[in-house]
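Asks: quick one, structure for this:
(one chain, ligands or ions: 1)
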Amino acid sequence: MGSRESVEMPDEWYREGLRFTCTQCGNCCTGESGYVWFNDEELEAMARYTELTPERFVKRHAHKIEGKWSLNERRGPDGFDCVFLQRDDAGKALCMIYPVRPMQCRTWPFWPENLDTPEDYVRAGKTCPGLQKGLQGEGEFVPIEQIRIRRDATES
Ligand code: SF4
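Replies: This next block holds a predicted model:
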């Protein structure tokens, strides 16, 4: 993962870059039941970080779907929370494995399916205030080169 070369695509409507800063609302870590995929390398890192063996980590925090590992969820106030989502007293979302979170989490919102068209991107922003603010010109500027790297990192 991450070793592919990022390539220029014909329909990069976002070629001037986009703005995005996560507001730590936690919406992308909760809500409808979903999947947080991770590979063996990411498992090693998460296991080390949580001071577990990889075997113990998956037994405690993950399950397999069609041969692929995904992090567990638990019932939360807004639906299904990622097992590593916690909130501080001010309601800010905290990822308990932030430094070693899987690529899927690192690359949001620049996923290929969100970048297909501007409409797809706006749709993805419905539950992501960080993305919405970016569309209004707020937040950190992310140049096209960075977007491509994140976009291509999640393609299988
Ligand atoms: S939904 Fe967007 S703003 Fe909220 S935590 Fe996720 S990335 Fe950050």
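
Asks: make sure Glu119 is indeed in a helix.
Replies: Yes. Using DSSP: H, G, I helix; E, B strand; the rest coil, the assignment for Glu119 is a helix.

Asks: and the gap between it and Glu113?
Replies: Applying Cβ to Cβ, to the nearest Å, the value for Glu119 to Glu113 is 12 Å. Any C-beta I mention is one placed from the backbone N, CA and C, and that applies to glycine too.

Asks: and those two? Which one has more around it.
Replies: More neighbours surround Glu113 than the other of Glu119 and Glu113, with 11 against 8 (other Cβ atoms under 10 Å).

Asks: and the nearest residue to the more buried one once chain neighbours are set aside, how many neighbours?
Replies: The spatial neighbour of Glu113 that comes closest, neighbours along the chain excluded (Cβ to Cβ, 6 or more residues apart in numbering), is Asp120 at 6.6 Å. With neighbours defined by other Cβ under 10 Å, the count for Asp120 comes to 14.

Asks: just checking, Cys105 touches Ile97?
Replies: No. When contacts are counted by Cβ atoms under 8 Å, Cys105 is not listed as touching Ile97 (9.0 Å).
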